[in-house]
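J.: Let me see the structure of the following:
(chains A and B)
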Amino acid sequence: MTPSKPLELLAPLSGVLLTLEQVPDPVFSSRMIGDGLCIDPTSQTLCAPLAGVISNIQDTGHAVSVTDDNGVQVLMHIGLDTVHLAGKGFTRLVVDGQRVEAGQALIEFDADYVVLNARSLLTLMLVASGEPFVLLAPEADTVALGQPLMQVSPAQASDAACEEQGDAVFSEPLTLPNANGLHARPAAVLAQTAKGFKATVHLHKQAQRANAKSLVAIMALQTAQGDTLQVSAAGEDADAAIKAVVTLLAQGCGETVEAAPQAAQVATPDTSATLLRGVCASPGSAFGQVFQVAEPALHITEEGAGTSLEHATLTRALLAATEALQALQDKAAGSAQAEIFRAHQELLDDPTLLEQAHGLLTKGKSAAYAWNSATTSTAKLFLGMGNALLAERAADLADVGRRVLKLILGIQDSTWELPERAILIAEQLTPSQTAGLDTGKVLGFVTVGGGATSHVAILARALGLPSLCGVSMQVLALTNGRQVLLDADKGELHLEPDLAEIEALQVEREQQLQRRERDMAQASAPAATRDGHRIDITANVASLQEVQQSLPLGGEGVGLLRSEFLYLDRNRAPSHEEQADTYSAIARALGTERSLVVRTLDVGGDKPLAYVPMDAEANPFLGLRGIRLCLERPELLREQLRAILASAGLARLHIMLPMVSLLSELHLARKMLEEEAQALGLSELPKLGIMIEVPSAALMADVFAPHVDFFSIGTNDLTQYTLAMDRDHPRLASQADSFHPAVLRLIASTVKAAHAHGKWVGVCGALASEVLAVPLLIGLGVDELSVSVPLIPTIKATVRERALSDCQLIARQVLGLEEAAHVREALRQFHAATVDTSPVREN
Amino acid sequence: MLDKLKQAFWKALTPDLIAETDTAPVPGLLSAEVLSALGGVDNLKSQQRVALTRVRVQLQEAGRLDEAALKTAGVPGVMVLSGGVVHLITGL
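T.: Numbers count the residues shown, from 1 in each chain, chains lettered A, B, ... in the order given. The predicted model follows:
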C-alpha cells in the first residue's frame, strides 16, 4: 500500500471547539466510536470535511459519515440524543453512496428547533476508521466553516479489513429490542465488542449484511425495533464471538430495553390459584363473568391497490373517525372526557401526520400501511421526548391511529359485544375504550396496570363500579365467560367463588344500597362523631355546576376549587370580568355562611399552559409547578388574585397556594395578595393558606403555621413526594399508597403544628374521600375533609358512626406500623370492631 | 405538531392571563456587559438556558445586538437566528 499524502479535514461547521473529554455523553467522551473533536455550532449547515463518498446518512438526518478513497472514514453526529427527534429539524442534502467534494453541504438543521427539543446541539466529528490525527490549531477555541481543522496521518493496514476466514457460522435469528434501532450509541457498543474477537463478525438484516466491527456499517443497516437480525462469524473464535454479540444484542447493547413479553407465563397461569390480589381503585363488589378486553390484531397489507383508491379510502376513514369522535364528545360524561376526544379530533387534522401518510400513499403503499406508519412513528417520537405529558399523548395518538385503522380495514369499532354482568379485564384501558362502554352491562373493572389514581380508577369511581388494579398478569389468561367474584374493597378477585361467598357479598351490596339511601336522607345534618366532635365536610369542585350539586348532598362549603379547570369549556380565554363573574357566581351559590377555598392556578411542566411559554423540563414534577410557576410569572398570579378578590364578601373567601415548599414563596404571595387587595380598596383580606403537599412544608409546618390562616393537605402529591414514587408509574402506582405510615406521620405533625398556633387543617386529597381513612384522619386531628361531591353523604355518615376517642386510639396505633398494607388491615379490623354491629342499624 | 397538541389539550385549561412580555428577564443569567451588548435589558423579550451550553434570548430589535461587544464580554459563540432569536454559547 503506497502511503498517501497527509489528509486535511475541514471544519464542517462554524462554532466553539470542545475536546471529546468535555462532551457530557460517555459514548463520545470515552472515544469508543472514534477520536475527534466537538463543535458547538453557530452555523446551520453541516459540510463535508473531506472529499469522498457518503458511506452512511441516517434516515433521521442527524448523523452522516464520509469515507475517502483511502478508507479514512469521518463520522459527524449533530447534537446529543437527537435520534429521538426522528428527523424533525434536519434536512438531508445528500444520499447514501453519493460522491461529495470537501466543503459540500450535507445536512441542514434548524438549530433553534434542536436546542429546544433535544438535549444538546454539541456536534461530534470523529475519525471512525481510527487513523491518528493532529489538530492544526490546538490553541483555538473557535473555528470557522471550511477552515482546515485537523490532519489525518496515512492509513495503516487496518486489522478490521481482514478477509473472511473459512466458513461462517450463523446464529439463531433474534429480534432487535432497541426502541430506535441500532443508532450511534448501541452500534458503538456492539462494534466495540465485535472488535474484541479475531473472527470476522457480520450482522445480517434480510439480504443486507454489515461488518459488526464497523460502527458505520452497523448504522448503515438502518435497523428498527423489531427487526429480525442474525449474526455470523468466521474464524477461530467464531463461536465465542457469536455468543457474545447475540447476548449483547438481546440485552439492548447498553440501552435499556423492555424485557420480551413472557408469553409462556401468561399462557399457563398457575391453575391452582383461586384468588388474585390487586389494589382497590374503586370500592364495591360484583359477581360477574370475565370479559377480556383485547384489541384484535390488525392485518395490514403494505402494498396499495392504486394511489387514488387508497387516497379515497384514507380520506373516508378520517372523515368517519371525525364523526365518531364528535358523537363521543356529545355523549361524553364529563367535560374532561369531551376534551380528550376533541384533542383526538385535532390529531386527525394534523398536517404533519397527513403529510407523512400521503407521502407513503404516493409511493404506492396502502392506506392502512401509510396511516399506521405515520401514527406509530410520531407516537414513538413523543415517547422519546422524556416528557410525561407527551408520553400520554403518544397513547392518545395510538388510540386515534387504531380508530382510523379499524375504519380503513372495515373492523367494527370497539363497541364490544359485552355479555351481561361483564367484569372487564385488561392490561390497561384507554379513554376511548372506556368512553364507548355500555355501562349497563359492566359490573366492574380489573386491570394489570395503573394505580388508585389512574384514568380507569377515576372513571370507575364516577360510575360507582368496583375496580381493581395492579393485578398480576395471570388475570389476562382467564377465559371469557368464567364466573368470578370481584371484591374491590378487600382487593381480591376470586376465581372460584363458592356460593356462600357470592351470597355474602350480595347481601352486603343490598346493605350498601340501603345504607346509601339512609346516608342521603341524613345528608343535610352536620357531621359530628358520636361523642360530639364536629368535622366540616366540604366539596372538591371544578365548576359552578359541581358546587350546586354539592349543596343538596350536604356539602358544607368548598374545600378545594381547582381554579385551572374553570376555563375548560371555553374556546376563548375569558376576560377579567368573566373570570371575576365565575368566582363570584360560585361564591354567591355558597353564600356568606359557607367557606370557599380557591386554589390558585396549579399547573406546571407536567401540565403545561398553552399561554405560558415554558422550558421543557427533564423532571416536571420537581420543576416549576404550582406556586413556583406563579411566582415566576407574577402577572399570572396577580391577575387571578384580582379576579378572586372580586368575590370577596359573597362567601367566606379563602385563597390557597399549591406546591409551597419554601417560606419565601408564602411571603411573596401574601405581599401580592395584600397589594392587590389594597388596590381594590378591600378593608378585609381573605384568609390565606397553603397546600401541604411537599414534605418540606409538612416538616416545617410549625414554622409556616404563624404565617398562614390554614393548611390543606394534598395527599396525592404528598404521597408521591414522600415515597418518591410516581403515582402514575405502572409498577409503583400500587405502592404509592397514601396510607403509608410515613405520609400519615407527616399529616400528624402538620396537624399538631397548626393546632399549636390555633390554625385549622383540612385534607383535600383523595385520602379524605376514602371511607377507610376517615376515622384515621379524625383521630389525627384533621378539622375539615374536602371530598368528591358524590361521596359527601357517605363521608358524613362515616363520621357520625365513630367516637373521637376510638379514632384517636386507632390513629396512634397505625402511626407505628410498618407499611401501608398493615395500616389498611388495622383500619379494616377497627371498622369491623366498631361498626359491624349492624350496617343497617335501626332506622 | 407538538405545539399544536399542547394547545389542543391546555388551551381550554388556561386563561390568557399573561402578556408576551411576562417572560421577564431573570437577572443573573447574563452579565451586565452581555446585557448591554444585547441592546440592554429592555431589548430582551425572553431568555432561557437551553441545550446544556446555550442561553436562548429573544430580542425586541435584533439590530441593537453588538456581536463584537458580546465577544469582548466573554461569549465565545453567538448564533443570530430569524425573529430576533439569538443563541449565546456560554459553555458547559
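J.: only C-alpha atoms for contact and neighbour calcs from this point on.
T.: OK.
J.: mind listing the helices for chain B?
T.: Along chain B, counting by DSSP state H, helices occupy B:2-10, B:32-37, B:67-72.
J.: Lowest average confidence across the ones you listed, which one?
T.: Of all the helices of chain B, the minimum mean pLDDT falls on helix B:2-10 (a mean of 51).
J.: give me the residue from chain B nearest chain A.
T.: Closest approach between chain B and chain A, counting by CA to the nearest CA: B:Ala51, at 4.1 Å.
J.: Now do the contacts for that residue.
T.: Residues near B:Ala51 by CA atoms under 8 Å, 6 or more residues apart in numbering or on different chains: A:Val115, A:Leu116, A:Ala118, A:Arg119, A:Ser120, A:Leu121.
J.: Show the pLDDT at the third one.
T.: Read it as A:Ala118. 88.
J.: residue contacts, it?
T.: Applying CA under 8 Å, 6+ apart to A:Ala118 gives the contacts A:Gly79, A:Leu80, A:Asp81, A:Thr82, A:His84, A:Leu85, B:Ala51.
J.: Might one say that A:Glu617 is in contact with A:Gly623?
T.: Yes - between A:Glu617 and A:Gly623 there is a contact under CA atoms under 8 Å: 6.7 Å.
J.: which stretches of the stretch 401-550 of chain A have low pLDDT?
T.: A:413-416, A:431-432, A:435-436, A:450-456, A:458 (pLDDT under 70).
J.: So A:Gln829 versus A:Leu485, what's the distance?
T.: 22 Å (CA to CA, to the nearest Å).
J.: When these two are compared, which one has more neighbours?
T.: Between A:Gln829 and A:Leu485, A:Leu485 has the larger neighbour count (other CA atoms under 10 Å in any protein chain shown), namely 25 against 13.
J.: Could you give the bridge partners of that one?
T.: A:Phe287, A:His494 (DSSP bridges).
J.: Would you map the strands across chain B?
T.: Listed in chain order, the strands of chain B (DSSP state E) span residues B:44-50, B:54-59, B:77-80, B:85-89.
J.: can you list contacts of the second one?
T.: With contact meaning CA under 8 Å, 6+ apart, strand B:54-59 is reached by B:38, B:43-50, B:83-91.
J.: and if we set it to 6 Å?
T.: Applying CA atoms under 6 Å, 6 or more residues apart in numbering or on different chains, the set of residues contacting strand B:54-59 from outside is B:43-49, B:84-90.
J.: export those to a markdown table and tack on pLDDT and distance to A:Pro706?
T.: Converted to a markdown table, these look like this (pLDDT from 0 to 100; distance: CA to CA, whole Å):
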| residue | pLDDT | distance to A:Pro706 |
| --- | --- | --- |
| B:Asn43 | 91 | 42 |
| B:Leu44 | 89 | 40 |
| B:Lys45 | 90 | 39 |
| B:Ser46 | 89 | 37 |
| B:Gln47 | 88 | 37 |
| B:Gln48 | 90 | 36 |
| B:Arg49 | 89 | 37 |
| B:Gly84 | 90 | 48 |
| B:Val85 | 93 | 46 |
| B:Val86 | 94 | 47 |
| B:His87 | 94 | 46 |
| B:Leu88 | 93 | 45 |
| B:Ile89 | 93 | 46 |
| B:Thr90 | 89 | 44 |
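J.: what's the closest of these to A:Gly61?
T.: B:His87 (22.1 Å; CA to CA).
J.: Would you mind confirming that the closest one makes contact with B:Met79?
T.: Yes - contact criterion CA atoms under 6 Å: B:His87 and B:Met79 qualify, at 5.0 Å.
J.: In terms of residue numbering, what are the domains of chain A?
T.: A:7-157, A:164-250, A:266-295+A:416-514, A:307-409, A:528-692+A:765-835 (automatic domain parsing).
J.: Quick check: A:Lys88 vs A:Thr352, distance?
T.: With distances taken as CA to CA, A:Lys88 is found 10 Å from A:Thr352.
J.: So for those two, which sits in the more crowded spot?
T.: Each of A:Lys88 and A:Thr352 has its neighbours counted (other CA under 10 Å); A:Lys88 has more, 18 against 14.
J.: Three-state assignment for that one, please.
T.: Three-state assignment for A:Lys88 (DSSP: H, G, I helix; E, B strand; the rest coil): coil.
J.: what's the distance between it and chain B?
T.: 11 Å (CA to the nearest CA, to the nearest Å).
J.: Next, that residue: phi, psi?
T.: Note on A:Lys88: backbone dihedrals following degrees, to the nearest 10 are phi -70, psi 130.
J.: Once you drop chain neighbours, what's closest to it?
T.: Among residues not flanking A:Lys88 along the chain, A:Thr60 sits closest, at 7.6 Å (CA to CA, 6 or more residues apart in numbering or on different chains).
J.: ok, back up a step: so which of the domains of chain A gets nearest A:Ser734?
T.: domain A:266-295+A:416-514 (5.1 Å).
J.: how many other residues sit next to residue 79?
T.: Just so you know, I chose chain A. Neighbours of A:Gly79 under the rule other CA under 10 Å: 24.
J.: please go with chain B instead
T.: Applying other CA under 10 Å, we find 20 residues neighbouring B:Met79.
J.: give the contact list for it.
T.: Taking CA under 6 Å, 6+ apart as the definition, contacts of B:Met79 comprise A:Thr42, B:Val86, B:His87.
J.: So for it, what's the pLDDT?
T.: 94.
J.: Check A:Thr268 too.
T.: 35.
J.: what does the one 5 residues further on give?
T.: Note for A:Ala273: predicted pLDDT of 70.
J.: Which residue comes closest to it once chain neighbours are left out?
T.: A:Leu495 (7.7 Å).
J.: That neighbour contacts A:Arg277, correct?
T.: No - using CA under 6 Å as the test, A:Leu495 is too far from A:Arg277 to be in contact (10.8 Å).
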